[in-house]
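Q: What shape does this take:
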Amino acid sequence: MVFGSIRVLVREVLRRLEPYAFEPSDRELASLVGLRPDQIVRLDTNASPYYPKGVINSVCRSVSKIRLNHYPDTSYASLRHYISCYAGVGPDNVIPTNGADEGIDIVTRAFVEKGDEVLAPHPTYSYFRVSSEIQGAEFIRIDSDDKFRIDIGALISRASERTSLIFLCNPNNPTGQSLPMREVERICSSVEVPVLVDEAYYEYCGTSAAPLIEKYQNLIVVRTLSKAFGLAGIRIGYLLASEETVDLLNKVRPPNSLGVLNIAIAERALRDPQFVKRFVERIAGVREWLYRELASIKSLEVFPSRTNFLLVRLLKGDSQDLWTRLLKRGLVVRRFASDPMLRNCLRITIGEMKHARVIANVITRYIEDAEGEV
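A: Prediction:
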C-alpha cells in the first residue's frame, strides 16, 4: 500500500478483517428521517439511561485538586483497591482497563498467536472475533440452538491443540440469557486453555464467576462500569484473575491507558455503589413490563433476559422496516443485517418507561399491519 511517496507494509490479516461495526452518530441517524440530533434516543448501545449525578458532582467539586498535568500511577493501586472491594477479590487479582474492550485485547495479545483457534458460542459479542482475528487466529463459532441456548458440550469437544482461548459472554450479548456457574466451571475444568468470561451485564443478573478465579487458574473475568454504573463515557473496565495470570497479563497491558480524571470518577463510583442498585432496579422493572407487553404480541418472539436489553424476533414483517419505523420516532435499536442466526431480530436497550411505552405501541401496530398484509 502506498501513501504519497511512502510505501506502507500492511499485515495480511488486516486486508481480510471484517471490522467491528461502529454505530452511526446521532447526527447521521437524525438526517435519515428528518429529525434533530437531540431528538435521537439511543437504545442500541446498552448504555444506561440514568446519569450518576452524585458521582459526577462530587468529582467536579474537587477537580482542581486532580493532577491533570501528570500521568496516572501506572500500577493503578488506588483504583485496584476500590475494584477489589467491590468485586470481592484481592487487589493483586485486578487489572483496570480502558473499558472492557481493552481487557479483551490484553487477553488476546497475551494468549493468542497467528494460526491459533479461538472458540466462542454464537451468536455473541462481535468484538471477540475482531480481537482474535487481529492476532491472526481463526475464530470458531459454536452455534446455539434456535432458542439461543448454548451447547456447552459442543464447545468443550471442539477444543483442540490449536485452541488458545475460549470466550463466554455471561449474560450473553445479544441474547440476554445467562449460564449457571456450574456450566462455567464445567468448561474451565474440561479445557487447559484460558477461558475469558465477559460479565459486562453482571449487575443485572447478580451471579459471577469472580469467586472461582483462584480455583481455576485458566479463568479470567472482564467487567465494565459502562453499563449498570451509567459511566460508558469514562471508559473504565477491569480484569479479574489469579495473581499468576495477572502478572502475565500485566506484561502486555499499556502503562497509561486510563486518564486521571476517569480514574477519579471510577473511584468515587466504586466507593459508594448503592446508586447502581437503584439504577438496576428501575431498569429491571421497565424490562419486565416491556417483556410482558411484547410477549403478548402475536407473531413476535421475545427472549427472556437477565440484562438491560431484550432481543426480539419478528415472525411476520421485516426487522429493517420496523427499525426504520422506530427511528422515525427518534428511537434507535440494534439491527443484525449480516448474521443469519439473528435474521429478523432486533435488540432493544431498556431505557426509561416513556420510551418503553412508545416501543410497545409502535411494535404492536407494526405487527398488526404485517399480519393484515398476509
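Q: contacts and neighbour counts: CA atoms only from here.
A: Fine.
Q: residue ranges of the strands in the stretch 101-250 of the chain, please?
A: Assigned by DSSP state E, counting those that start in this stretch, the stretch 101-250 of the chain shows strands spanning 117-122, 138-143, 163-169, 195-198, 219-224, 237-241.
Q: Redo those as TSV? Include mean neighbour count, distance to E352 and mean pLDDT.
A: Formatted as TSV, those follow (neighbours: other Cα atoms under 10 Å; distance: least, Cα to Cα, whole Å; pLDDT from 0 to 100):
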stretch	mean neighbour count	distance to E352	mean pLDDT
strand 117-122	24	30	98
strand 138-143	18	33	98
strand 163-169	23	25	98
strand 195-198	26	26	98
strand 219-224	27	21	98
strand 237-241	27	25	98
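Q: Redo the ones you listed as TSV? Include distance to L32.
A: Putting the strands of the stretch 101-250 of the chain into TSV (distance: least, Cα to Cα, whole Å) gives the following:
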stretch	distance to L32
strand 117-122	31
strand 138-143	34
strand 163-169	33
strand 195-198	34
strand 219-224	32
strand 237-241	33
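Q: so after the lengthiest helix in the chain, what's the next helix or strand?
A: For the chain, the helix with the greatest residue count under DSSP state H is helix 274-295. Where DSSP states H and E defines the elements, the next helix or strand beyond helix 274-295 is strand 300-303.
Q: chain center to stretch 189-200: distance?
A: The chain centroid and the centroid of stretch 189-200 are separated by 16 Å under Cα atoms, centre = their mean, to the nearest Å.
Q: what does it contact?
A: Residues outside stretch 189-200 that contact it (Cα atoms under 8 Å, 6 or more residues apart in numbering): 100, 107, 111, 156, 159, 163-171, 187-188, 208-209, 216, 218-224, 226-227.
Q: How about stretch 89-100?
A: Residues external to stretch 89-100 that are found in contact with it (Cα under 8 Å, 6+ apart): 76-77, 79-81, 83-84, 103, 200, 210-211, 222-226, 235-243, 246, 250, 257-258.
Q: same thing but at 6 Å, please
A: Residues from elsewhere that reach stretch 89-100, judged by Cα atoms under 6 Å, 6 or more residues apart in numbering: 80-81, 84, 103, 223-224, 235-243, 258.
Q: do stretch 254-261 as well
A: By Cα under 6 Å, 6+ apart, stretch 254-261 touches P72, T74, N98.
Q: what do you get if the cut-off is 7 Å, keeping everything else the same?
A: Contacting residues not belonging to stretch 254-261 are listed as L68, P72, T74, N98 [Cα atoms under 7 Å, 6 or more residues apart in numbering].
Q: from these, which is closest to G54?
A: L68 (21.4 Å; Cα to Cα).
Q: Could you check how far the closest one is from S58?
A: From L68 across to S58, the span is 17 Å (Cα to Cα, to the nearest Å).
Q: Next, name the residue at the spatial heart of the chain.
A: With distances taken as Cα atoms, centre = their mean, the residue of the chain nearest its centroid is A200 (5.2 Å).
Q: remind me which residues of the protein are low pLDDT?
A: The chain contains residues with pLDDT under 70 at 1-8, 373-374.
Q: And the helices in it?
A: Using DSSP H, the helices of the chain run over 12-16, 26-33, 53-61, 77-87, 99-111, 127-134, 152-158, 181-190, 202-205, 243-249, 260-271, 274-295, 319-328, 353-372.
Q: so how far is the fourth one from its chain's centroid?
A: It refers to helix 77-87. In terms of Cα atoms, centre = their mean, the centre of helix 77-87 is found 21 Å from the chain centre.
Q: same for it, what does it pack against?
A: strand 94-97, helix 260-271 (3 or more Cα pairs under 7 Å, 6 or more residues apart in numbering; DSSP states H and E).
Q: any idea which of these is most buried?
A: Ranked by mean neighbour count, those are led by strand 94-97 with a mean of 26 (mean count of other Cα atoms under 10 Å).
Q: Sheet partners, orientation included, of that one?
A: Take DSSP bridges as the rule and strand 94-97 pairs in its sheet with strand 237-241 (antiparallel).
Q: Just the C-alpha atoms of the strand it pairs with, please, in CSV.
A: Extracted C-alpha coordinates of strand 237-241, given in CSV (Å, rounded to 0.1, in the frame of the first residue of the first chain):
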residue,chain,number,x,y,z
GLY,A,237,-13.3,-1.7,32.8
TYR,A,238,-11.3,-4.3,34.7
LEU,A,239,-10.0,-7.9,34.6
LEU,A,240,-10.2,-10.4,37.5
ALA,A,241,-7.9,-13.4,37.5
